[in-house]
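Enquirer: no sequence on this one, just coordinates:
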């Protein structure tokens, strides 16, 4: 089955000489939510720009549902909806006229009932005739999504969709994205909020300095690269880790009140039993213990640091 | 052909004109009428006819052309510059529309506005002087060809400009002076031989002369030459626009 998006050996060097993308290869599956993570200037927006036809690639190829984005740009672009990072819309129009404009631009005949549905779902219907300049930031952000959905795309790019959006609205947007996915829309989102990717994505790609460092199923990524930590709350604080516990590579926390042990969940043995035995032998007693798992953010930061 | 895209851009641009009707319609009509009244009354009182045509009527084609050229350039330049400036151009560039369709939407709207204004000015002029149009179809052909060509020029300027001031440079510093010096208010046959030769290097002389010919069958230069000049100008503008979309100049990085 053809991928929703297939990127092959894609490179982009700007006229200034800045290399934005280096030999990117990526397959996006139909109906998935794919999160593209990366620090500022990593190349996320350039990659999206090329796929959507806003940026010229230097070399390589991209197909959307099997259609080449250059040779068969009409078929490719008509499948895509783009929500850009910036709130770029004509401030003097109304939500109704601007979404009607977007629909027409993408070659779709007028369909007032569909536009009403989109605007209603995004809580913009009662403001449909207001000047866009009078809408709140959150409403403008939702309007950008309404514009992108106005031509019924099968693939939706969300470039930092919740930047500067309050928690309530962000959760509303996540809900909307999930509903879209249920209707079969493929979603590619870039985000700075790792929590967003952790909550929503099926797969995650990490891009840094123009290179795609990895692409992995979210659960697999967290399993592979995630670490667990066992925190032991001691009965009596200690000044230093006893030498007989050195092999466990423990760290002291909270002024000696806690001992932290990091272990790999995939390893055959976690080493916890041996640690507890050694603690007893060394006379270190604990009153409580807890375990924590590393978040996607920890994994992401770790990967980017590793590359630097 | 993505007709819906052409229609969407065209309607959007026409809606912008309706929103700014004071600036887009009333202002050019008023200023052209003032030219007509001031020049027609002041000079017309001393110079009653030129080549047998009443001076008041003689300047009508020139005034229409002056307005047509400046408005075509300004409308099209603002039409494409504004989306570039505000960032909304991303949507046009990512749409399944060809360069031809995009240009047709923007330039078609700019040219429509200028032609409409030209016809309003013609109707207004008819209130002041008796007008007879010898070749109405040629008059319309010149009107349309000039509006389209200069809207294309405006489109190019709107892409080239990286600031509001640059949008005004070409209409104010080039088009307006060349129109004034191109026989808007006089026949170049009235000039001394040397200056008459100099004006032949002004391309707008050919447009004004051809347009005036369609009204009164009076021309400073041969009508065929006028048609050839406007067609050549149209071809050059189309070639530049084609190059802009091919290279992505100032549109795509």
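Expert: Received, thanks. Everything quoted here is computed from the prediction, not taken from an experiment.
Enquirer: neighbouring strands - and their directions - for the helix or strand harbouring residue A:35?
Expert: In the assignment (DSSP states H and E), residue A:35 maps to strand A:33-37. Sheet pairing of strand A:33-37 (DSSP bridges) gives strand A:186-191 (parallel), strand A:203-208 (parallel).
Enquirer: past it, which element shows up next along the chain?
Expert: helix A:44-52.
Enquirer: which parts of the helix or strand just after that next one count as buried, going by neighbours?
Expert: Moving toward the C-terminus from helix A:44-52, the next helix or strand (DSSP H and E) is strand A:59-64. Neighbour counts over strand A:59-64 (16 or more other Cβ atoms under 10 Å in any protein chain shown) mark A:60, A:62-64 as buried. (C-beta placed from N, C-alpha, C; glycine too.)
Enquirer: try stretch A:230-242
Expert: For stretch A:230-242, a neighbour-count test (16+ other Cβ under 10 Å) marks A:230-232, A:234, A:238, A:241 as buried.
Enquirer: how long is that stretch end to end?
Expert: 18 Å (Cα to Cα, to the nearest Å).
Enquirer: what about the residue of the stretch 1-150 of chain B found nearest chain A, neighbour count?
Expert: Per Cβ to the nearest Cβ, residue B:8 is where the stretch 1-150 of chain B lies closest to chain A, at 3.0 Å. Using other Cβ atoms under 10 Å in any protein chain shown, residue B:8 has 26 neighbouring residues.
Enquirer: wait, a strand at residue A:12?
Expert: Yes: assigned with DSSP: H, G, I helix; E, B strand; the rest coil, residue A:12 falls within a strand.
Enquirer: nearest residue to the residue in chain A that chain B sits nearest to in space, please, no chain neighbours.
Expert: Residue of chain A nearest chain B, by Cβ to the nearest Cβ: residue A:104 (3.0 Å). In this structure, residue A:104 finds its nearest non-sequential neighbour in residue B:8, 3.0 Å apart by Cβ to Cβ, 6 or more residues apart in numbering or on different chains.
Enquirer: looking at this, the one you found is in a helix?
Expert: Yes: assessed by three-state DSSP, residue B:8 belongs to a helix.
Enquirer: which per-residue confidence value corresponds to it?
Expert: pLDDT for residue B:8: 94.
Enquirer: need the contact list for it.
Expert: Going by Cβ atoms under 8 Å, 6 or more residues apart in numbering or on different chains, residue B:8 touches A:100-105, B:105.
Enquirer: in a markdown table: those residues, plus pLDDT and distance to residue A:122.
Expert: Converted to a markdown table, those look like this (pLDDT from 0 to 100; distance: Cβ to Cβ, whole Å):
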| residue | pLDDT | distance to residue A:122 |
| --- | --- | --- |
| A:100 | 95 | 15 |
| A:101 | 95 | 17 |
| A:102 | 95 | 13 |
| A:103 | 96 | 15 |
| A:104 | 95 | 19 |
| A:105 | 95 | 19 |
| B:105 | 95 | 27 |
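Enquirer: dihedrals phi and psi, residue A:4?
Expert: Main-chain torsions, residue A:4, degrees, to the nearest 10: phi -60, psi -40.
Enquirer: and it, what pLDDT?
Expert: For residue A:4, the pLDDT comes out at 92.
Enquirer: can you report how many residues lie near it?
Expert: If you count neighbours by other Cβ under 10 Å, residue A:4 ends up with 24.
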